[in-house]
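Asks: below: sequence and its predicted model.
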Amino acid sequence: MKSINKGKVPSPVHQSVEMVQMLSAYQAAVNEAAIVSITDIKGDIVYVNEMFIRVSKYSAEELLGQNHRLVNSGYHKKEFFRHMWQMIAAGKAWRGEIKNKAKDGTYYWVDTVITPIVDQNGIIFQYLSIRNLITAQKENEARLLQVQHEILKRTKQLKDAQRVAKTGSWYLDVSGDNQLEWSDETYHIFEIAPGTKMTYNKFLEAVHPDDRNLVDKKWEQALKTGRYHIEHRIITKSGEKWVNEEARIEFDKKANLKRALGTVQDITEKKKIDHSLRESEHLYKTLFNTSPFAVGIVDKKTMQFLEVNKTAIKLYGYSRAEFLKLSLFDIRVEEEHAKLKNQLINNYAGDRSIRSHKRKNGDIIQVEPTITPMTYRGHNVYLITITDITDKLRIEDELNLSKLNRQKEIIEAEERSRSQIGMELHDNVNQLLAASRLYIRQVKTSSGKNEGFIKTALDILGVALEEIRKLSASLVAPTLSNNNLKESIEALSKSYPSGNAKIQLHLALNEAAIPEGLKTNIYRIVQEQFSNIIRHAEATKISITVQQSADSIAVEITDNGKGFDLQTAKRGIGLNNITHRAEAYGGRVCIDTGIGQGCKINIWFDILPVGGNI
């Protein structure tokens with residue numbers, strides 16, 4: 001090169017040496033800067049440079065003779081390489097970015113140029129690939145795309161969050177043209193087309209006319225204090241709305257407004273709900289205080305009263321201040337404190353049983369509660385509605401007593417009627433039949449045939465007299481005084497033709513302690529069921545037990561007969577008579593029977609000393 005500068009013509013040998021030196025220098029430079037490979041027409045590698053070896057981490061021996069598929073990462077689709085081959089096979093150069101995979105499994109990106117190499121006849125016999133390593137660049141691009149994706153994602157999330165919360169945002173920078181920047185949700189709240197240029201004055205135009213002065217005054221104060229918070233109305237295309245505004249204001253060193261960032265929240269629904277709640281609270285207080293029932297609110301944990309209505313104050317006689325110092329235990333009679341504790345442990349709200357409560361003056365009242373768990377001013381409470389049923393129970397007791405007395409009167413009248421009929425049968429009809437029998441015996445006849453007729457008539461009259469005697473005896477109850485109930489039941493068991501039935505009696509009575517009316521009633525119940533068994537049960541065993549304790553009498557009548565359908569039998573006269581007689585004297589009846597299962601009737605009577613009321 002120096003000889004050329006001196007104007008001398010170099011020799012061919014000298015030119016050849018310089019050319020070799022230039023090619024070596026170029027090859028060295030390329031080896032340091034690029035990845036180079038040459039393939040044959042089939043794509044098999046015939047040459048790789050040092051850079052290819054370093055980057056791919058394969059040795060020259062591992063690469064030569066192999067296809068570039070050896071470093072294929074699988075990232076690109078088949079169409080990508082098909083297009084590449086179509087171009088270079090057509091003799092055109094191809095350029096593209098390829099993601100390859102090194103021997104150790106790491107990936108690298110290369111900016112690749114593939115050029116066909118032709119022979120002296122213009123036929124392609126090799127392909128030269130020169131690649132520049134761009135892995136760092138691609139990673140930076142990927143990170144940048146990821147950051148952009150995150151920014152877009154966060155922006156969308158912010159918009160979605162603002163939409164869900166009905167909260168927009170705005171930004172004011174006075175260093176510019178004093179223009180307000182609104183978020184999409186802010187435009188949506190004000191129902192102004194997104195992108196519309198906004199200023200403070202244009203914002204004021206959207207404020208409700210009655211609220212503009214207040215908003216402007218608040219903003220002027222904020223320019224001095226740095227604090228801006230206000231609720232006001234705005235006028236939109238769909239009508240009036242309420243918004244809540246807050247802002248953070250920044251000032252420069254001279255205390256001048258520099259910038260402001262604020263939020264706008266649509267609180268229209270909240271305002272409507274608040275209004276409804278105020279109306280509901282007013283209605284609740286009115287209903288609470290004017291309820292005809294006594295109502296109290298009791299803390300679940302302490303059982304202390306938190307609130308009572310006027311009806312409760314009137315019913316219990318305490319003032320409101322006194323009531324709020326009491327607990328449930330203070331108004332419950334002491335005898336029921338253990339029951340109250342058990343109710344509180346179990347299902348207090350579901351227990352509507354009648355309780356005995358105590359008024360301030362000591363009077364005892366009977367109440368029926370309705371209990372509802374709820375929350376009141378941050379407390380878990382019971383809302384208790386009390387119905388005073390003292391008078392109702394008293395009236396029911398009086399009605400029941402009147403009913404029992406009426407049943408007793410009916411039973412006593414029935415006994416009198418039965419006795420009267422029995423006596424009539426015995427004293428009149430029997431006398432007439434006996435007289436007829438006597439007169440027939442006086443009849444004289446000359447015919448043997450007539451004498452047979454007369455004898456038959458006398459026999460019939462005899463049977464009639466005996467049946468009427470038994471009927472009158474069953475209608476007229478024995479005089480049950482002293483120890484006659486036991487004897488009467490024993491006599492009753494012998495008076496019926498029991499056939500093959502075995503009868504067992506278990507009678508343990510102190511009859512002096514049993515009123516005569518109750519004795520008669522027990523006798524009639526035993527008589528009724530005993531008659532039913534003999535006539536219908538086809539029983540082989542009958543047991544009658546009357547057991548007396550200090551304050552009660554238990555009657556049990558059982559048989560092993562064919563039994564009956566209780567639901568059908570309840571409509572019959574027999575069981576109705578037994579039930580009514582038992583109820584008339586405060587008795588409790590239990591009947592256990594079924595088809596083919598025999599029958600057991602249990603009746604329990606409470607007894608008082610003779611002279612008392614049953």
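Replies: In hand now; what should we look at? Residues are numbered from 1 along each chain as shown.
Asks: any stretches of the stretch 251-400 of the chain with poor pLDDT?
Replies: Low-confidence segments of the stretch 251-400 of the chain (pLDDT under 70): none present.
Asks: which parts of it are helices?
Replies: For the stretch 251-400 of the chain, the helices defined by DSSP state H, counting those that start in this stretch occupy 268-290, 310-316, 320-323, 328-331, 337-345, 390-424.
Asks: now the ones you listed as a markdown table including distance to E528 and mean neighbour count?
Replies: From N, CA and C alone the C-beta is placed, and that goes for glycine too. Formatted as a markdown table, the helices of the stretch 251-400 of the chain follow (distance: least, Cβ to Cβ, whole Å; neighbours: other Cβ atoms under 10 Å):
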| stretch | distance to E528 | mean neighbour count |
| --- | --- | --- |
| helix 268-290 | 56 | 12 |
| helix 310-316 | 49 | 18 |
| helix 320-323 | 57 | 14 |
| helix 328-331 | 49 | 19 |
| helix 337-345 | 41 | 13 |
| helix 390-424 | 12 | 13 |
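Asks: what's the closest of these to R359?
Replies: helix 310-316 (5.2 Å; Cβ to Cβ).
Asks: related to what we said a few turns ago, tabulate the helices of the stretch 251-400 of the chain (a markdown table), appending distance to I53.
Replies: Shown next, in a markdown table, are the helices of the stretch 251-400 of the chain (distance: least, Cβ to Cβ, whole Å):
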| stretch | distance to I53 |
| --- | --- |
| helix 268-290 | 71 |
| helix 310-316 | 97 |
| helix 320-323 | 96 |
| helix 328-331 | 92 |
| helix 337-345 | 84 |
| helix 390-424 | 106 |
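Asks: which of those sits closest to M374?
Replies: helix 268-290 (11.5 Å).
Asks: so what secondary structure elements neighbour the closest one?
Replies: Where contact means 3 or more Cβ pairs under 8 Å, 6 or more residues apart in numbering; DSSP states H and E, helix 268-290 is packed against strand 239-251.
Asks: give me that answer again for 10 Å
Replies: Under the contact criterion of 3 or more Cβ pairs under 10 Å, 6 or more residues apart in numbering; DSSP states H and E, helix 268-290 touches strand 227-236, strand 239-251, strand 294-299, strand 305-308, helix 310-316.
Asks: same list (these) but as CSV, adding distance to E32.
Replies: Listed next are the helices and strands packed on helix 268-290 as CSV, based on distance: least, Cβ to Cβ, whole Å:
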stretch, distance to E32
strand 227-236, 64
strand 239-251, 54
strand 294-299, 86
strand 305-308, 88
helix 310-316, 99
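Asks: go through those and name the closest to D330.
Replies: Per Cβ to Cβ, nearest to D330 of the helices and strands packed on helix 268-290: strand 305-308, 8.8 Å.
Asks: helices or strands up against that closest one?
Replies: helix 268-290, strand 294-299, helix 310-316, helix 320-323, helix 328-331, strand 379-388.
Asks: what does the fourth one rub up against?
Replies: When you say that, I think you mean helix 320-323. 296, 304-310, 312-313, 316-317, 330-331, 360 (Cβ atoms under 10 Å, 6 or more residues apart in numbering).
Asks: the first one too?
Replies: For helix 268-290, the surrounding residues in contact (Cβ under 10 Å, 6+ apart) are 166, 189, 231, 233-234, 236, 238-244, 267, 295, 297, 307-311, 313, 383.
Asks: are any of those buried, and which?
Replies: 166, 189, 233-234, 236, 241-244, 267, 295, 297, 307-309, 311, 313, 383 (16 or more other Cβ atoms under 10 Å).
Asks: rewinding a little: for the helices and strands packed on helix 268-290, which one sits closest to D592?
Replies: So among the helices and strands packed on helix 268-290, strand 294-299 is nearest, using Cβ to Cβ, at 43.8 Å.
Asks: partner strands of that closest one, parallel or antiparallel?
Replies: strand 305-308 (antiparallel), strand 379-388 (antiparallel) (DSSP bridges).
Asks: tell me the angle it makes with helix 268-290.
Replies: 120 degrees (axes from the mean of the first three to the mean of the last three Cα atoms, to 10 degrees).
Asks: restrict strand 294-299 to CA atoms and write it as PDB.
Replies: C-alpha atoms of strand 294-299 as PDB (Å, rounded to 0.1, in the frame of the first residue of the first chain):
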ATOM      1  CA  ALA A 294     -93.900  -4.600  75.200                       C
ATOM      2  CA  VAL A 295     -90.600  -4.500  73.200                       C
ATOM      3  CA  GLY A 296     -87.000  -4.600  74.500                       C
ATOM      4  CA  ILE A 297     -83.500  -4.900  73.100                       C
ATOM      5  CA  VAL A 298     -81.200  -7.000  75.200                       C
ATOM      6  CA  ASP A 299     -77.400  -7.400  74.800                       C
END
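Asks: ok, back up a step: mind checking which of the helices of the stretch 251-400 of the chain is nearest R377?
Replies: Per Cβ to Cβ, nearest to R377 of the helices of the stretch 251-400 of the chain: helix 268-290, 11.6 Å.
Asks: work out the gap between the closest one and the centre of the chain.
Replies: 26 Å (Cα atoms, centre = their mean, to the nearest Å).
Asks: now that helix and strand 227-236, what's the angle there?
Replies: Per the same axes, to 10 degrees, the angle that helix 268-290 makes with strand 227-236 is 90 degrees.
Asks: spatially nearest residue to E336 (excluding sequence neighbours)?
Replies: S356 (5.9 Å; Cβ to Cβ, 6 or more residues apart in numbering).
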